[in-house]
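Colleague: Model the structure of this input:
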Amino acid sequence: MVDKNIIDVVLTELDYAISTLYNNNNISDLKTSKKVTSKKLDRDKSEKSERVMRINHMGEVCAQGLYRGQAAFTSNDKIREKLYKICDEENYHLKLCNQRLKELNGNKSLLNPVWYLSSFILGSIAGINDKKWKLGFIEETEKQVEDHLSSSIKDLPKEDIRSKEILQIIAEDEKRHRKTAKKMGSEDLPVKAKESMHLLSTIMKKITYYV
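Modeller: Numbering: from 1, shown residues only. Below is the predicted model:
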């Protein structure tokens, strides 16, 4: 007989995944400055912003999968609690990117379900290895995300002030998450693990730029 706890976990995670992938609710308390407005973008610049923000939206979808996967499989209650807290904050980032995409009349990546599942599996591996890696996976993830956000801000058209501000808000939170993981005693990941994470994210970003 299948353990009811396992069924509950599966159903909970499935429901969360569906909400992450298909929730289109707007944010009523958007924290960006009301005084900041982007200049009207021409077609080419609008398309550029849409592509950049689609990549960042995909990144937030992956963040949900990563942290939910790690939380589901870690045996450390303290780490699990911290992961769920970070996940809630990342969910706000997801909504920010989703809202900006809609403002740009852009589309989400068609492959988001694949990206979420892949990230959940990767997070699960981190959770299983939590005694060895501790919070090193979180620290490295946030570090790579910070680097990506800096590049995204530079890639956006200079007129798209609103998108830049949204990404800057997200970047500040990511930096805080990385520092939190470090304070909690994160261990440095093996070089091969870092390189694999970077390679995978690079491939995903290149695909999501177009799809």
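Colleague: got the contact list for stretch 112-122?
Modeller: Outside stretch 112-122, the residues that touch it by Cβ atoms under 8 Å, 6 or more residues apart in numbering are 13, 17, 20-21, 58, 61-66, 68-69, 109, 197, 200, 204, 208. Any C-beta I mention is one placed from the backbone N, CA and C, and that applies to glycine too.
Colleague: Kindly recompute the last result at 7 Å.
Modeller: Stretch 112-122 is contacted by residues 17, 20-21, 58, 61-62, 64-66, 68-69, 109, 204 when judged by Cβ atoms under 7 Å, 6 or more residues apart in numbering.
Colleague: buried residues in it?
Modeller: 112-113, 115-116, 118-120, 122 (16 or more other Cβ atoms under 10 Å).
Colleague: Give me the subset of those lying in helices.
Modeller: Among the buried residues of stretch 112-122, the members found in helices (DSSP state H) are 112-113, 115-116, 118-120, 122.
Colleague: Reformat those residues as CSV; add distance to M184 and pLDDT.
Modeller: Output for those, formatted as CSV (distance: Cβ to Cβ, whole Å; pLDDT from 0 to 100):
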residue, distance to M184, pLDDT
N112, 30, 95
P113, 31, 95
W115, 27, 94
Y116, 26, 95
S118, 26, 92
S119, 21, 91
F120, 22, 94
L122, 20, 88
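Colleague: What does the pLDDT read for the residue nearest to the spatial centre of the chain?
Modeller: For the chain, the residue sitting closest to the mean C-alpha position, by Cα atoms, centre = their mean, is E60 at 2.3 Å. Looking at E60, its pLDDT is 91.
Colleague: Quick check: next helix or strand after the helix ranked longest in the chain?
Modeller: Longest helix of the chain, by residue count under DSSP H: helix 43-73. Heading C-terminal from helix 43-73, the first helix or strand you meet, by DSSP states H and E, is helix 77-103.
Colleague: what about that following helix, distance to the chain center?
Modeller: Offset of helix 77-103 from its chain centre (Cα atoms, centre = their mean, to the nearest Å): 7 Å.
Colleague: Specify the angle between it and helix 43-73 in degrees.
Modeller: Counting by axes from the mean of the first three to the mean of the last three Cα atoms, to 10 degrees, helix 77-103 lies at 160 degrees to helix 43-73.
Colleague: tell me the mean pLDDT for helix 77-103?
Modeller: 89.
Colleague: what packs against that helix?
Modeller: helix 43-73, helix 161-183 (3 or more Cβ pairs under 7 Å, 6 or more residues apart in numbering; DSSP states H and E).
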